[in-house]
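Student: Sequence and predicted structure are below.
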Amino acid sequence: MARVNPIQFLQQVRQETAKVTWPGRNEVLISTVMVLVLVIFASLFFLAADQVISWLVGLMLSIR
């Protein structure tokens, strides 16, 4: 594998970074809100599933 001069490497990194399209403030805000909403929905779903499973196990263990 060819060795790259550290200065050349940093220049290449700078060139590649210049090609990146950075998201705007509005896009970041919308994405953040979407992630938070999905986390809340997932949390509520798993809370409900855990409660149902807990109830079912309790029901099964109480029957003799």
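Tutor: Received the coordinates, thanks. Numbering: from 1, shown residues only.
Student: so where's the chain shaky on pLDDT?
Tutor: 1, 64 (pLDDT under 70).
Student: Now do the helices in it.
Tutor: Secondary structure of the chain by DSSP state H: the helices cover 6-19, 25-62.
Student: need the ones you listed in JSON lines with mean neighbour count, can you?
Tutor: For the C-beta atoms, the positions are set from N, CA and C on the backbone; glycine is no exception. Listed next are those as JSON lines, based on neighbours: other Cβ atoms under 10 Å:
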{"stretch": "helix 6-19", "mean neighbour count": "9"}
{"stretch": "helix 25-62", "mean neighbour count": "10"}
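Student: Can you give me the distance of Val28 to Val35?
Tutor: Noted for Val28: a distance of 11 Å to Val35, by Cβ to Cβ, to the nearest Å.
Student: Also Arg3?
Tutor: 41 Å.
Student: With Thr21 instead?
Tutor: Taken as Cβ to Cβ, the span from Thr21 to Val35 is 20 Å.
Student: Could you do Thr17 as well?
Tutor: Taking Cβ to Cβ, one finds Thr17 at 25 Å from Val35.
Student: Please apply the same query to Leu10.
Tutor: For Leu10 relative to Val35 (Cβ to Cβ), the value is 33 Å.
Student: same check, this time on Arg25
Tutor: For Arg25, the distance to Val35 - Cβ to Cβ - is 16 Å.
Student: Same question for Val57.
Tutor: Separation of Val57 from Val35 (Cβ to Cβ) stands at 32 Å.
Student: what do you get for Leu29?
Tutor: 11 Å.
Student: One more: Trp22?
Tutor: 18 Å.
Student: ok, now which ones touch the residue nearest the centre of the chain?
Tutor: The centroid of the chain falls nearest to Val35 when counting by Cα atoms, centre = their mean (7.4 Å). Contacts for Val35 were tallied using Cβ atoms under 8 Å, 6 or more residues apart in numbering; there are none.
Student: Can you give me the distance of it to Ala42?
Tutor: Taken as Cβ to Cβ, the span from Val35 to Ala42 is 10 Å.
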